[in-house]
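1. here's my sequence, what's the structure:
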Amino acid sequence: MPLVFHCNRNLTIVKMWASTLPIILASLTLTIQGASVGQECGKFNEKQFKNNKTIAEPNEHPWVGRILGTNREGKDHLTCAGILIDARHVLTAAHCVSNGDVNDISAVVFGDSDSASRNLVSTITIHPDYSAAKRQNDLAIIELTKDIEFTDLAQPICLPSTEKPKSETPDSDLIVAGPEGVSYRRGDPDYKRTDGRIKVAFKRIDSSECNKLQERFPVELICSQDDRGALLALSGSALAEASGNPRKFYLVGIVTAGFGSPEKQYTGYLNVRSYLDWILRQTSSLS
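-> This next block holds a predicted model:
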């Protein structure tokens, strides 16, 4: 059972003082959250959330973007998902952009049409401790060349609080959203990849159990399971939590890896909350 990335192509794998860190992070968090309020982060629609459909509606999850590369014929092709966290920054898995070359990305697109909200890339920042071999710290930040104009099809998701939740979020309050990724159904001659963005119910399994099944699976990842052949989200897709009053979507995980067994398939999500300090420092300094 090899550990795989849910990605459409292989890319080349490319101090703060303890006493002041909480104050700095609190300030950064307030700044980001303040900006997010004006940007109406985490747009949530109860009817869409509970409609049990697997294909997202055009205005559903407007923070899900598609990272496009260019093939040998010079045409766009989908490589990974990217998640909009403010007007200028997109989070994705580091293995999607691991050589750090902005020329590998033709655009980050929001909306279901390739011509809708095409955004060019200015810089790519890969987590300094990213290890492709160990599948650790698989996180990168894409900075766009200019601020996105927010529409019904392009809006940021909220970042979670830096505080660790007192209890585990129920699976029913979580959703996986993004383009369809690598599926074990591709051996079926009648299989056709879904063109639209998908949404998949989250079914939690303890990460230690996933590690027992696949020793290369990092225990620090969030893990979910589903029946073999079920829809899988592409690398960089979001694990989003619906919470608060009024309810909003918060980005709690990013799809980074997966593996299969004869009966089940398993997906690993980088825990965004564990990287908030780095995300906030990077997006503040890049802005």
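2. next SSE downstream of the lengthiest strand in the chain?
-> Longest strand of the chain, by residue count under DSSP state E: strand 248-260. Next in sequence after strand 248-260, counting helices and strands by DSSP states H and E, comes strand 264-271.
3. who are the packing partners of that next one?
-> With contacts taken as 3 or more C-beta pairs under 8 Å, 6 or more residues apart in numbering; DSSP states H and E, strand 264-271 sits against helix 207-213, strand 222-227, strand 248-260. For every residue, glycine as well, the C-beta is placed using N, CA and C.
4. confidence score at residue 65?
-> As predicted, residue 65 sits at a pLDDT of 96.
5. tell me which element it falls in.
-> Using DSSP H and E, residue 65 falls in strand 64-70.
6. show me what counts as buried in that strand.
-> By 16 or more other C-beta atoms under 10 Å, the buried positions in strand 64-70 come out as 64-69.
7. from these, pick the one nearest residue 257.
-> Minimum distance to residue 257 across those is 17.1 Å, recorded for residue 67 (C-beta to C-beta).
8. returning to that earlier point: now the angle from the longest strand of the chain to strand 264-271?
-> Strand 248-260 runs at 130 degrees relative to strand 264-271, counting by axes from the mean of the first three to the mean of the last three C-alpha atoms, to 10 degrees.
9. strand 248-260 - contacts with which helices or strands?
-> In this structure, strand 248-260 packs against strand 76-84, strand 89-92, strand 174-179, strand 238-243, strand 264-271, with contacts taken as 3+ C-beta pairs under 8 Å, 6+ apart.
10. same thing but 6 Å
-> strand 238-243, strand 264-271 (3 or more C-beta pairs under 6 Å, 6 or more residues apart in numbering; DSSP states H and E).
11. JSON lines for these, including mean neighbour count?
-> JSON lines is the format used below for these (neighbours: other C-beta atoms under 10 Å):
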{"stretch": "strand 238-243", "mean neighbour count": "25"}
{"stretch": "strand 264-271", "mean neighbour count": "24"}
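12. figure out which of these is closest to residue 228.
-> Of these, nearest to residue 228 by C-beta to C-beta is strand 264-271, at 5.2 Å.
13. which of the helices and strands packed on strand 264-271 is buried the deepest?
-> strand 248-260 (a mean of 25; mean count of other C-beta atoms under 10 Å).
14. let's see that one as PDB, backbone CA atoms only.
-> Extracted C-alpha coordinates of strand 248-260, given in PDB (Å, rounded to 0.1, in the frame of the first residue of the first chain):
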ATOM      1  CA  LYS A 248     -18.900  30.000   8.900                       C
ATOM      2  CA  PHE A 249     -16.400  27.700   7.200                       C
ATOM      3  CA  TYR A 250     -13.000  27.500   8.800                       C
ATOM      4  CA  LEU A 251     -10.000  25.800   7.200                       C
ATOM      5  CA  VAL A 252      -8.800  23.100   9.500                       C
ATOM      6  CA  GLY A 253      -7.000  20.700   7.100                       C
ATOM      7  CA  ILE A 254      -5.400  20.500   3.600                       C
ATOM      8  CA  VAL A 255      -5.300  17.200   1.600                       C
ATOM      9  CA  THR A 256      -1.700  16.100   1.400                       C
ATOM     10  CA  ALA A 257      -1.500  12.300   1.000                       C
ATOM     11  CA  GLY A 258      -3.500   9.100   0.800                       C
ATOM     12  CA  PHE A 259      -3.200   5.300   0.500                       C
ATOM     13  CA  GLY A 260      -5.600   2.400  -0.200                       C
END
